[in-house]
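*Asks:* Predicted coordinates and the sequence they were generated for:
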Amino acid sequence: MAFPVDLKYIIETEEELGVSFPTLFKEKMTAENGGEAITENDNWNLYPFFDKSDKKRISRTCNHIVLETKQAREWDNFPLNAIAIAGNGCGDYLILISLDNNKKLSEHIYLWHHETGDYEQVAENIKGLIES
C-alpha cells in the first residue's frame, strides 16, 4: 500500500546515493511512496524511499531504493550509473540512469534485464509508466 512521504527522506536518499531524482518521480513518490506499475510484459513493485518517521513506516519501507540499488549492484552487469526503482520478483529491475556521468537522473524509465545486462526504455517518465 502506497502512502505519502516527506520530502526530507527523498533528499536523504539523494545524498546517500549521490544523485538527484527527476522532478516527476519525486512528485509521484511524495504523494505515493511506492506502489505498483505495469509495463507491456510485466508487473512491478516500486521501491519506496526509506521513511523513518515511525515504526509502521520503517516496516513498510524496509525494501527501499538505497537497499535495493545496493543489492542490484551486486550483479556484475548492473549499470554503474543506474538506480533501481522497481523489481518484478524475477531479478529484473526498472531503473533510472544518469547520462554523461551527471548526478541528475533522467526522467526516462528503463527495464534492466539481469540475464544479459541490457536495458531498454519502457516509459518517458514515471507518469507514462503508471498510466500505461
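*Replies:* Sure thing, it's come through. Numbering: from 1, shown residues only.

*Asks:* Which elements pack onto the longest helix anywhere in the chain?
*Replies:* Criterion DSSP state H: the longest helix present in the chain is helix 7-17. With contacts defined as 3 or more Cβ pairs under 8 Å, 6 or more residues apart in numbering; DSSP states H and E, helix 7-17 has these neighbours: helix 23-31, helix 65-72. In this view, the C-beta of every residue, glycine as well, is placed from N, C-alpha and C.

*Asks:* and if we set it to 10 Å?
*Replies:* Where contact means 3 or more Cβ pairs under 10 Å, 6 or more residues apart in numbering; DSSP states H and E, helix 7-17 is packed against helix 23-31, helix 65-72, strand 82-87.

*Asks:* mind putting these in CSV, distance to residue 99, mean neighbour count and mean pLDDT included?
*Replies:* Formatted as CSV, the helices and strands packed on helix 7-17 follow (distance: least, Cβ to Cβ, whole Å; neighbours: other Cβ atoms under 10 Å; pLDDT from 0 to 100):
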stretch, distance to residue 99, mean neighbour count, mean pLDDT
helix 23-31, 15, 17, 95
helix 65-72, 17, 18, 97
strand 82-87, 11, 23, 97
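
*Asks:* what inclination does the longest helix of the chain have with respect to strand 82-87?
*Replies:* Per axes from the mean of the first three to the mean of the last three Cα atoms, to 10 degrees, the angle that helix 7-17 makes with strand 82-87 is 130 degrees.

*Asks:* which one is the most centrally placed residue in the chain nearest to, not counting chain neighbours?
*Replies:* Centre of the chain computed as the mean C-alpha position; nearest residue by Cα atoms, centre = their mean is residue 85, 1.4 Å away. Once flanking residues are discounted, residue 85 sits nearest to residue 94: 5.3 Å by Cβ to Cβ, 6 or more residues apart in numbering.

*Asks:* what about that neighbour, which helix or strand?
*Replies:* Element membership for residue 94 (DSSP states H and E) is strand 93-97.
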